[in-house]
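K.L.:
Here's a sequence, model it:
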Amino acid sequence: MIAGWAEQIEAIEDAGWVLAYWSVSTDSKGRPEAYPLFELPDED
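P.N.:
Down below sits the predicted model:
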């Protein structure tokens, strides 16, 4: 776990965004990277 991610994700969710999924890839040296992707929920 990356230090501070939990707090950062919580702050984004507190602003109304929802963690939709994670995008996973590798950098130019083949090391894994993960990016949380957020979306705003529908206002139905």
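
K.L.:
This protein: helices as residue ranges?
P.N.:
Assigned by DSSP state H, the chain shows helices spanning 5-14.

K.L.:
Any stretches of it with poor pLDDT?
P.N.:
Filtered on pLDDT under 70, the chain yields the residue ranges 1-2, 44.

K.L.:
distance of D42 from G16?
P.N.:
Between D42 and G16 the distance is 12 Å, computed by C-beta to C-beta, to the nearest Å. In short, each C-beta sits where N, CA and C put it, glycine included.

K.L.:
now do Q8
P.N.:
Computed as C-beta to C-beta, the Q8 to G16 distance reads 15 Å.

K.L.:
Next, count neighbours for P36.
P.N.:
P36 is flanked by 14 other residues according to other C-beta atoms under 10 Å.

K.L.:
One more: W17?
P.N.:
16.

K.L.:
tell me the contacts of it?
P.N.:
W17 sits next to F38, E39, L40 when contact means C-beta atoms under 8 Å, 6 or more residues apart in numbering.

K.L.:
With neighbour count and distance to Y21 added, can I get the residues you listed in a markdown table?
P.N.:
Below are those laid out as a markdown table (neighbours: other C-beta atoms under 10 Å; distance: C-beta to C-beta, whole Å):
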| residue | neighbour count | distance to Y21 |
| --- | --- | --- |
| F38 | 14 | 9 |
| E39 | 10 | 9 |
| L40 | 10 | 14 |
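
K.L.:
bridging residues for the residue sitting nearest the centre point of the chain?
P.N.:
In the chain, the centroid-proximal residue (C-alpha atoms, centre = their mean) is P36; its distance is 1.9 Å. Counting by DSSP bridges, P36 is bridged to W22.

K.L.:
so what's it up against?
P.N.:
Taking C-beta under 8 Å, 6+ apart as the criterion, P36 is in contact with W5, I9, L19, W22.

K.L.:
right, and the second one touches L19 too?
P.N.:
Yes. The pair I9 and L19 qualifies as a contact (C-beta atoms under 8 Å) at a distance of 6.4 Å.

K.L.:
so P41 touches V18, yeah?
P.N.:
Yes. If you go by C-beta under 8 Å, P41 and V18 touch, sitting 5.3 Å apart.
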